[in-house]
Structures are given as C-alpha cells and as structure tokens.
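[1] Task: produce atomic coordinates for the following.
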Amino acid sequence: MAEELNISTKNCTIEKEGHIMIVTLNRPEAKNALSPSMLVGMYKAWRKLEEDDDLYCAILTGKGDTFCAGMDLKTGVEPGEDAEEIQQLMQTIPNLHWQALLREDRPSKPIILAVEGYALAGGTEILQGTDLRVGAEDAIFGVTEVARGLYPMAASAIRLRRQIPYCLAAEVLLLGRHVTAQEALQWGLINRVAPKGKALDEALNMARQLTENAPLSIKAITRTLREIDESVPEAESLKRQDEIGWPIFTTEDSKEGMKAFKEKRKAVFKGR
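    A predicted model of the protein is given here:
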C-alpha cells in the first residue's frame, strides 16, 4: 500500500511503496500541463529520491488519460496553502524547473516512466531524463515546440539524437511529428507497450523487480549510464567507470550476493 509523503504539492502527488517512490502529475483537468506547483513537487521528489537511502527508484506517471501536455504558459503560481513556499523556492533556486524536468542534477537512482495518452512537448522532454519507459498502447509522444515558434529548452535537441537515430530525432524535432507507442518501441524510445490503463501497473512490475537487486549496485550502474555517454572518449570512460564500480566489490551487499548465489537462496541486501 502506497503512503503519501508530506512533500506532495497541489499538482504533484508523491507516494512511497516499499523502496519505490511514485510521483504522479496531478492536474488532469488541464491535461497535466506543467504548473509551478507541479514543478516544485517534482523538484522535491527528485531531491528526496537522491537523499533517502531507503528509496531505490522512482516511477513518474500522470493522473487521468493524459500524461503531460507540456508547459502551461498561462498559469503562474496558483493560490493555495503552498503558494508562498512555491514562490520562494522558484526565486531562490534558479534551475528548479530544469531539475524538475530532469535536465540538470538528476538523481543517481533509476526513474521509470509510465505514460497514458499524450506526452507532448515537456511531456516528451522529461521522458529523455528517465531510464526505463512504459507507454500505454494509446500513448502519443512528440516534441512540438517548432509548431509554436518555440524551442525545446529541456534539451531534446541534444538528448533525443543520442537516444534514437539522428534522422528520426530530426523528424520529431523539425516536423513536430507525433510518435505512436508502437513507433516509440520500435525506435527504442520506450521499453514496453502496455494495454490502455495499465502503464503504471507495468512500471510497478519493473520497479519491484528492480528493487530485488542490490541498491548500491543499482545506484552505481545508474551513475555510469548517466555520467558517461558516447561523447566521452573510451579511455576516459573506462577510468571513470572503474572509479564508480570498484568500490562496489568492497560492500557488504557484494559479499551477501555471492554468498546467496553459493547457497542457492535469495540475497538479502541492506545497502551497505
């Protein structure tokens, strides 16, 4: 049973189930368009994910039949009990919105995306900062800023071409083309397609499988995936990989994992 955490905001519900954080964009009446309250909620969630050793991963999803329709250019800070805190945070943390959208300071733990319906503009921009991705069979992806005379500032013009073939990225970015779930799967933009209404269930299955593994190993591998991409020369990549990876072999969990393998039982990891 998921427990709601006190860092939730009006437009972003944050829950914990075991070692899993569930972050739900909660503004279905506006197709989960990004609002200041939503951005602050995501910012808090990612900082909590990074700092809490009892959390191994997070799931990001949206309430209702649309994941996210992108930034709501019409909405400022809405009235409410957390309005003053939201205003203060957005003034004192200049890159709060980029942290929320996983462009900068991403947590060193995996984030699983669960998309129902449309994930357009900011909805697909944030996708590129996640690690494992599930789309419902009716999901539609797209970076549509070009059709509005805008620019995808959350880094799609950089990251998308690193995640799918160049020509496909150019087609999405320059034509503002919508991409179906099946196309996204074929292109390698998402991992799995789930029946309509079941994207979160499939993401939870992945998260539960993930949390059976050693948390320090999960974090180290995620750091490597995040920090060392194709732009880093191979010799430097190997050096940085060793700096991240070798300490894992000195952990209690590594000894437990090998012992459990020998004893033909399930390992009990403690994150030490």
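
[2] C12: how many residues sit nearby?
    27 (other CB atoms under 10 Å). Placement of C-beta: from N, CA and C, glycine included.

[3] Now do the contacts for it.
    23-26, 37-38, 40-42, 45 (CB atoms under 8 Å, 6 or more residues apart in numbering).

[4] and if you look at I111?
    49, 57-60, 102, 129-132.

[5] Specify which member of those is nearest to A2.
    I59 (10.2 Å; CB to CB).

[6] so T13, which of the three states?
    strand (DSSP: H, G, I helix; E, B strand; the rest coil).

[7] where's it relative to W98, distance?
    Relative to W98, T13 is positioned 22 Å away (criterion: CB to CB, to the nearest Å).

[8] Out of the contacts of C12, which sit inside helices?
    With helices taken from DSSP state H, the overlap with the contacts of C12 comprises 37-38, 40-42, 45.

[9] residues contacting R103?
    125, 129, 154-155.

[10] how much space between it and M153?
    The value you get for R103 to M153, if CB to CB is used, is 8 Å.

[11] quick revisit: which of the contacts of R103 are buried?
    By neighbour count, with 16 or more other CB atoms under 10 Å, those hold 125, 129, 154-155 as buried.

[12] Against which helices or strands is the least confident helix or strand in the chain by mean pLDDT packed?
    When the helices and strands of the chain are scored by mean pLDDT, DSSP states H and E, helix 83-92 comes last with a mean of 79. In terms of contacts (3 or more CB pairs under 8 Å, 6 or more residues apart in numbering; DSSP states H and E), helix 83-92 is packed against helix 36-51, helix 96-100.

[13] Ok, which of those helices comes nearest E145?
    E145 lies closest to helix 96-100 among those, at 15.3 Å (CB to CB).

[14] The very next helix or strand once past that closest one pairs with which strands?
    Scanning forward in sequence from helix 96-100 by DSSP states H and E, the next helix or strand is strand 111-115. Using DSSP bridges, the strands paired with strand 111-115 are strand 57-62 (parallel), strand 132-136 (parallel).

[15] Nearest approach to R223 belongs to which of the ones you listed?
    Where these are weighed against each other on CB to CB, the nearest is strand 57-62, at 13.5 Å.

[16] how far is that closest one from where the chain is centred?
    Here the centre of strand 57-62 is set off from its chain's centre by 6 Å, with CA atoms, centre = their mean, to the nearest Å.

[17] before we move on, what about stretch 186-194?
    So, by CA atoms, centre = their mean, the centroid of stretch 186-194 is 15 Å from its chain's centroid.

[18] What of stretch 34-53?
    11 Å.

[19] go on, stretch 231-249?
    With CA atoms, centre = their mean, you get 24 Å for stretch 231-249.

[20] Okay, buried residues for that stretch please.
    For stretch 231-249, a neighbour-count test (16+ other CB under 10 Å) marks 237, 241, 244, 248 as buried.

[21] got CSV for the residues you listed, with distance to Q186, secondary structure and pLDDT too?
    Shown next, in CSV, are the buried residues of stretch 231-249 (distance: CB to CB, whole Å; DSSP: H, G, I helix; E, B strand; the rest coil; pLDDT from 0 to 100):
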residue, distance to Q186, secondary structure, pLDDT
S237, 28, helix, 96
Q241, 30, helix, 96
I244, 32, helix, 95
I248, 34, helix, 96
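
[22] residue boundaries of the strands in the chain?
    3-4, 12-17, 20-25, 57-62, 111-115, 118-120, 132-136, 140-142, 179-180, 192-194 (DSSP state E).

[23] How about S8: what's its closest non-neighbour residue?
    I14 (4.7 Å; CB to CB, 6 or more residues apart in numbering).

[24] Am I right that the one you found is in contact with I20?
    No. In this structure I14 lies outside contact range of I20 using CB atoms under 8 Å: 11.5 Å.

[25] on that earlier part again, list the contacts of the residue nearest to S8.
    I14 neighbours (CB under 8 Å, 6+ apart): 4-5, 7-8, 21-24, 41, 44-45, 48.
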